[in-house]
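Enquirer: Sequence and predicted structure are below.
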Amino acid sequence: MKISTRGRYALRFMIDLAQHSSSEFIPLRDISERQNISIKYLEQITSLLSKFGLLSSIRGPQGGYKLTKPANEYTIGSILRITEGNLAPVTCLETPENNCQRASSCPTLKLWKGLNQTVNNYLDGITLESLAKAPECANSLI
């Protein structure tokens, strides 16, 4: 599994929102400058995250973005699944039902299932809040 730039930037964006959360919306320009990510790229990311209900936004001079729920209710796994898609290490584990013809005799299936479970459990065990409160750790992870 390799996390793309989109996934890494989405995490940086979400961490920034969590670190600067208030009742007001945060302009995309401010996040772009702090994170050194182009506004164009962030617009693509915010469109995706908004579509899945992770962000709320308003337009205009006082416009910007904010989280739709508290940072401790977002897991890193949920954010990455939106930006990266399924995090399964092999295609036969991408759906709940394994349709691989070799599933019943595959000597590596147990290995892949274990890896998939470990990755998902790990990423779902880390909240956006925990990374936002430890920026030195967040920067080294992303």
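Expert: Yep, that arrived.
Enquirer: quick one: low-confidence parts of this protein?
Expert: 135-142 (pLDDT under 70).
Enquirer: In it, which residue sits furthest out from the middle?
Expert: Ser105 (34.5 Å; Cα atoms, centre = their mean).
Enquirer: Doesn't it lie inside a strand?
Expert: No. Looking at Ser105 with DSSP: H, G, I helix; E, B strand; the rest coil, it is coil, so not inside a strand.
Enquirer: Distance check, it against Leu111.
Expert: Remark: distance between Ser105 and Leu111 (Cβ to Cβ, to the nearest Å) = 14 Å. Bear in mind the C-beta positions are built from the backbone N, C-alpha and C, glycine included.
Enquirer: and if you look at Met14?
Expert: Separation of Met14 from Leu111 (Cβ to Cβ): 32 Å.
Enquirer: more crowded one of those two?
Expert: Met14 (25 against 12; other Cβ atoms under 10 Å).
Enquirer: buried residues in the one helix or strand the more buried one maps to?
Expert: Under the criterion of DSSP states H and E, Met14 resides in helix 5-19. By 16 or more other Cβ atoms under 10 Å, the buried positions in helix 5-19 come out as 6-19.
Enquirer: again with stretch 88-97
Expert: Under 16+ other Cβ under 10 Å, the buried positions of stretch 88-97 are 88-90, 92-93.
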